[in-house]
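Student: Show me how the following folds:
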Amino acid sequence: MLIHIPWYSVYNSGSVSVYQRHEMQSWAYQFMGTVTACDGAEQDYFGTSVAIVGDMYVVGAHLDDDIDFQTGVLN
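Tutor: Predicted coordinates for the structure are as follows:
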């Protein structure tokens, strides 16, 4: 399970919290860690969108401007 927090940090750089279903208790989840963008720039809003396919996930940052002004990026 992924929980997106696009407003994480004072600078709104964003993050995603990753949880895994507990093996013995199907109703429980275990916190696995927090994922942030490698550049962690201000106002990127990393985690605005998330998608899970099997064991992989993709995280979007809709205001990332590494390529051009607010073009966005998928990580």
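
Student: quick one: low-confidence parts of the protein?
Tutor: Under the criterion of pLDDT under 70, the regions of the chain flagged as low confidence span 6, 8-10, 40, 64-75.

Student: Next one: the residue in it sticking out farthest from the centre from residue 50, what distance?
Tutor: Within the chain, the residue lying farthest from the chain centre (C-alpha atoms, centre = their mean) is residue 24, at 26.5 Å. Separation of residue 24 from residue 50 (C-beta to C-beta, to the nearest Å) stands at 26 Å. In this view, the C-beta of every residue, glycine as well, is placed from N, C-alpha and C.

Student: likewise residue 5?
Tutor: With C-beta to C-beta as the criterion, residue 5 and residue 50 are 10 Å apart.

Student: go on, residue 1?
Tutor: As judged by C-beta to C-beta, residue 1 and residue 50 stand 10 Å apart.

Student: more neighbours, these two?
Tutor: residue 50 (17 against 11; other C-beta atoms under 10 Å).

Student: residues contacting the more buried one?
Tutor: The contact partners of residue 50, taken as C-beta atoms under 8 Å, 6 or more residues apart in numbering, are 2, 4, 16, 57-60.

Student: Equivalent analysis for residue 29, please.
Tutor: Listed by C-beta under 8 Å, 6+ apart, the contact set of residue 29 reads 1, 19-22.

Student: So what pairs up with it in the strands?
Tutor: Taking DSSP bridges as the rule, residue 29 bridges to residue 21.

Student: Could you do the one 5 residues further on as well?
Tutor: Legend: beta-bridge partners of residue 34 under DSSP bridges are residue 17.

Student: Hmm, it is touching residue 17, no?
Tutor: Yes. Between residue 34 and residue 17 there is a contact at 5.4 Å, judged by C-beta atoms under 8 Å.

Student: okay, these two: which has more neighbours?
Tutor: Neighbours of residue 34 and residue 17, each counted by other C-beta under 10 Å, are more numerous for residue 17; the result is 16 against 13.

Student: so who does the more buried one touch?
Tutor: Neighbour list for residue 17: 2-3, 5, 31, 33-35 [criterion: C-beta under 8 Å, 6+ apart].

Student: top of those residues by neighbour count?
Tutor: For the contacts of residue 17, counting by other C-beta under 10 Å, the largest number of neighbours falls to residue 35: 19 neighbours.
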